[in-house]
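Asks: Need the 3D shape of this:
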Amino acid sequence: MYENYSREVLIERIKELEQQVEQLRISRRVLMNLIEKVEREKRLLLSNLEKENKRLQQNNFKYAHWLWSKNRKIIELEAKIKKTN
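Replies: Model (predicted):
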């Protein structure tokens, strides 16, 4: 394929290809760093969402418990009113 090219041309072509390989290595490193950054951000976001979900579930449980106790108190007061009448 390259039989008709001079040695200088072939050496220049080798240098070009070596530069391309180096650029590809750099590009790969940049992409890997970006992927790692995105993965870290994703893990952080997921962790924050899980914490928020847990907090909301706890608040929901407390509110439901509070409502249940208020409802029980209302029923007890209604029962007392019926009993006195």
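Asks: low-scoring stretches of the protein, by residue?
Replies: Scanning the chain for pLDDT under 70 picks out 1-2.
Asks: distance of the residue nearest the centre of it from L24?
Replies: In the chain, the residue lying closest to the centroid (C-alpha atoms, centre = their mean) is K42, at 2.2 Å. According to C-beta to C-beta, to the nearest Å, K42 stands 26 Å off from L24. Every C-beta, even on glycine, is put in place using the N, C-alpha and C of the backbone.
Asks: for N59, same thing?
Replies: 52 Å.
Asks: try R72
Replies: 71 Å.
Asks: And for K70?
Replies: 68 Å.
Asks: Let me see the ranges of the strands in the chain.
Replies: Taking DSSP state E, the chain contains no strands at all.
Asks: Now do the residue nearest to the centre of the chain against E76, distance only.
Replies: From K42 to E76 the distance is 51 Å (C-beta to C-beta).
Asks: can you check F61 too?
Replies: Taking C-beta to C-beta, one finds F61 at 23 Å from E76.
Asks: All set now, cheers.
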